[in-house]
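Student: sequence unknown, structure follows:
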Ligand SMILES: Nc1ncnc2c1ncn2[C@@H]1O[C@H](COP(=O)(O)OP(=O)(O)OP(=O)(O)O)[C@@H](O)[C@H]1O
């Protein structure tokens, strides 16, 4: 992480599109036959999923269909009952709430657990990359919601994960901040090239960010779309229909 992201100049569509195709890139994660039960209730069933390095995958689905359960299994936070998850190295996760430690300055939150390899210098570079140069010694309580999520992104990316898991990371932010975060995350993903899985309820966010959109239903991947193959309006209508919403 040694170049700065120019937040005033979002990544061009050409640069974003030039990341594909991903099929030749190594796998960031490979899931086969995944199953998760709570008691007698099957929440994830026979789920297969491959994500390549550099590829941005969005996961949509009605509330309770198993999205967070899948993400937690990929993160290693929850043990599946059956199936296999193969991933090189440890994934990094960014949640809806920033989960920064309130008693540690911002730089120490970024370097947490990696003090030797990252240290203050690495954390400072990572913070500059997410547009927070000079905020190393600030306290988390003095950050806005958007700034705190930038720190959470810096903390995730400074570990150079092959797989980045995002669990509704922008859901609590205002619309304008969310748009800026979309531009930032695209820039960071194009540069660092992790495979990404984002769980979101926002169809438009999925369309803007993802190379592939998966619709989850009853613990399985029910549909898959590549935004590049569709008109935006048509895809939006189709996805809302998949989610049981009638578009107007
Ligand atoms: N620890 C648990 N014990 C029992 N049931 C659970 C547990 N965690 C999740 N579930 C159940 O598993 C199902 C899937 O939950 P999950 O949180 O994965 O859904 P989701 O698609 O992420 O929902 P949302 O969009 O509302 O966040 C739900 O019916 C939920 O009640």
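Tutor: In hand now; what should we look at? Values in this document were obtained by computation on a predicted structure and should not be read as measured data.

Student: going forward, measure contacts between C-alpha atoms and count neighbours the same way
Tutor: Fine.

Student: where does the one residue sitting closest to the centre of the chain land in three-state SS?
Tutor: Note on the chain: the residue nearest the mean C-alpha position is residue 166, at 2.9 Å, using Cα atoms, centre = their mean. Assigned by DSSP: H, G, I helix; E, B strand; the rest coil, the conformation of residue 166 is strand.

Student: Next: residue 59.
Tutor: Following three-state DSSP, residue 59 is assigned to strand.

Student: Sticking with residue 214, tell me its helix or strand.
Tutor: Using DSSP states H and E, the secondary-structure element containing residue 214 is strand 212-217.

Student: Now residue 136: closest residue in space that isn't a chain neighbour?
Tutor: residue 107 (4.6 Å; Cα to Cα, 6 or more residues apart in numbering).

Student: Which stretches in the protein count as helices?
Tutor: Along the chain, counting by DSSP state H, helices occupy 13-17, 67-75, 106-111, 119-129, 145-157, 175-192, 203-209, 232-242.

Student: Can you report how many residues lie near the closest residue to residue 239 other than its chain neighbours?
Tutor: In space, and not counting its chain neighbours, residue 239 is closest to residue 203: 7.1 Å by Cα to Cα, 6+ apart. As a burial measure, residue 203 scores 19 neighbours (other Cα atoms under 10 Å).

Student: so how far is the ligand from residue 203?
Tutor: According to Cα to the nearest ligand atom, to the nearest Å, residue 203 stands 13 Å off from the ligand.

Student: I'd guessed that residue sits against residue 240; true?
Tutor: Yes. Taking contacts as Cα atoms under 8 Å, residue 203 lies within contact range of residue 240: 7.4 Å.

Student: quick one: contacts for the residue nearest to residue 136?
Tutor: With contact taken as Cα atoms under 8 Å, 6 or more residues apart in numbering, residue 107 is in contact with 120, 123, 124, 127, 135, 136, 137.

Student: what do you get for residue 127?
Tutor: Counted by Cα under 8 Å, 6+ apart, residue 127 has contacts 107, 133, 135, 136, 150, 151, 154.

Student: Could you single out the nearest of those residues to residue 227?
Tutor: For the contacts of residue 127, the closest approach to residue 227 (Cα to Cα) belongs to residue 150, at 26.0 Å.

Student: what does the helix or strand of the chain with the lowest mean pLDDT rub up against?
Tutor: Ranked by mean pLDDT, DSSP states H and E, the weakest helix or strand in the chain is helix 13-17, scoring a mean of 83. By Cα under 8 Å, 6+ apart, the list of residues contacting helix 13-17 from outside reads 186, 190.

Student: i'd like the first residue to be 28 from this point on
Tutor: Got it, first residue is 28 now, which makes that one helix 40-44.

Student: got the buried residues for it?
Tutor: residue 43 (16 or more other Cα atoms under 10 Å).

Student: just stretch 42-58 next, same as before
Tutor: For stretch 42-58, burial by neighbour count (16+ other Cα under 10 Å) applies to 43, 49, 54, 55, 56, 57, 58.

Student: Kindly report the same for stretch 169-176.
Tutor: For stretch 169-176, the buried set under the neighbour-count rule, 16+ other Cα under 10 Å, comprises 172, 173, 174, 175, 176.

Student: contacting residues around the residue located most distally from the centre of the chain?
Tutor: Distance from the centre of the chain peaks at residue 67, with 30.4 Å (Cα atoms, centre = their mean). Residue 67 makes no contacts at all, as judged by Cα under 8 Å, 6+ apart.

Student: go on, residue 238?
Tutor: 82, 83, 84, 85, 253, 254, 255.

Student: rerun that using 7 Å as the cut-off
Tutor: Contacts for residue 238 (Cα atoms under 7 Å, 6 or more residues apart in numbering) come out as 82, 83, 84, 253, 254.

Student: can you put those in CSV and add neighbour count, distance to the ligand and pLDDT?
Tutor: Formatted as CSV, those follow (neighbours: other Cα atoms under 10 Å; distance: Cα to the nearest ligand atom, whole Å; pLDDT from 0 to 100):
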residue, neighbour count, distance to the ligand, pLDDT
82, 26, 21, 97
83, 25, 19, 97
84, 25, 16, 98
253, 14, 21, 95
254, 19, 22, 93
